[in-house]
Each structure stands twice: as structure tokens, then as C-alpha cells.
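Visitor: Could you look at this predicted model? Sequence included:
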Amino acid sequence: MARCWDQYCGSARGAGQQPNRFDSFSQPCGPLTMARRFATLSLPLEEMHEVGRHFGATLNDVAVTVVDAGLHAYLRETGRAFAHPFISMCPVSLRADGDTTIGTRVSAMFVRLGEPSATAPERIRQVVDSIETAKKELGGMSRTRR
């Protein structure tokens with residue numbers, strides 16, 4: 001897991017080490033210009049599942065954790081560290097167990113992500129706890145309120 005985490009989430013790199021994947025990004029909070037760009041990343045699915053199984057997390061929990069850690073690493077490495085956890089809008093299924101009706105039943109919820117200084121195990125646990133709490137709150141709402 002450590003190899004996967006360091007490779008995809010980034011970390012401060014010393015001399016002779018692989019460059020950070022985010023070095024070419026423009027400022028995320030700057031004005032929109034033609035110079036803005038984005039990047040994509042393919043992650044090894046089986047390793048992601050393995051990490052999820054180890055921490056009792058879903059594949060989406062692992063993906064959100066990787067993005068959270070990567071963004072904090074990028075901001076730290078560019079001298080713009082953010083002192084608070086990020087809040088993310090995440091999709092959530094509204095289907096009850098056994099619901100096979102046709103159609104889309106999704107919503108979105110806001111979840112608090114990991115602390116900026118969290119280690120990989122701490123971060124994924126924080127993300128899993130936050131998402132589980134948000135899902136419980138959403139599940140407690142009546143269908144008319146959703």
C-alpha cells in the first residue's frame with residue numbers, strides 16, 4: 001500500500017527523486033485563462049480494492065482519499081499549504097437494497113475529508129468515517145426531504 005500511496009498521492013520529494021505529478025498545474029484558485037489545464041490518472045484497480053478491503057473502505061472512499069492527499073501534497077509543495085480539511089461534494093446512491101427499478105436515483109452530499117497532516121492510514125479512516133456519517137444523516141431523511 002505504501003508504494004501505491006506514495007506513487008499516486010505525492011509527497012515532498014528530495015534530490016534525485018521522481019518529480020511531483022502536479023508540477024505543471026496552473027494555480028487552482030486563479031482566474032480562468034487559456035493556460036488552465038487538467039490531468040488524468042489511471043490507478044491500478046486491484047491495488048485500490050486491496051487498500052479498500054484493508055481499511056473497510058469502498059473503492060470510491062479510496063479514490064476520494066487519493067484526490068484529497070494529492071491536493072494537499074500539491075499545495076504544500078507549491079508553498080500554499082491549506083491548514084484545514086477540504087470539503088468535497090460526493091455522489092451517493094439513493095437506492096434501497098434490492099431496488100431494481102429502472103432509472104437513476106442519486107444525490108450528492110458534502111463530506112469533510114482528511115486533516116492536512118494526516119498519514120495515509122489516518123486520512124483514509126477520516127474519509128471513511130466522514131462519508132459513513134454523511135450517509136447515515138442522508139438515510140435519516142424522509143424520501144420527500146431528499
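Guide: Nice, I can see it. This structure is a prediction, so every number in the text was calculated from the model and none was measured. Residues are numbered from 1 along each chain as shown.

Visitor: Disregarding flanking residues, what is the spatial nearest neighbour of the residue positioned nearest the centre of the chain?
Guide: Geometric centre of the chain, nearest residue: Val64, 1.8 Å, by CA atoms, centre = their mean. When the adjacent residues along the chain are set aside, Val64 lies closest to Val127, with 5.6 Å between them (CB to CB, 6 or more residues apart in numbering). Bear in mind the C-beta positions are built from the backbone N, C-alpha and C, glycine included.

Visitor: mind checking how far the helix or strand harbouring that neighbour is from the chain centre?
Guide: Taking DSSP states H and E as the definition, one finds Val127 inside helix 120-139. Its chain's C-alpha centre and that of helix 120-139 lie 11 Å apart, by CA atoms, centre = their mean, to the nearest Å.

Visitor: just checking, what packs against it?
Guide: Here helix 120-139 touches helix 2-9, helix 45-55, helix 59-77, strand 87-93, strand 106-112, going by 3 or more CB pairs under 8 Å, 6 or more residues apart in numbering; DSSP states H and E.

Visitor: Output the ones you listed in TSV, with mean pLDDT and distance to Arg123 appended to each entry.
Guide: Output for those, formatted as TSV (pLDDT from 0 to 100; distance: least, CB to CB, whole Å):
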stretch	mean pLDDT	distance to Arg123
helix 2-9	51	9
helix 45-55	95	10
helix 59-77	92	6
strand 87-93	86	13
strand 106-112	88	12
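
Visitor: just those: most buried one?
Guide: Ranked by mean neighbour count, the helices and strands packed on helix 120-139 are led by helix 59-77 with a mean of 20 (mean count of other CB atoms under 10 Å).

Visitor: quick one: that helix to helix 45-55, angle?
Guide: Between helix 59-77 and helix 45-55, the angle comes out at 100 degrees (axes from the mean of the first three to the mean of the last three CA atoms, to 10 degrees).
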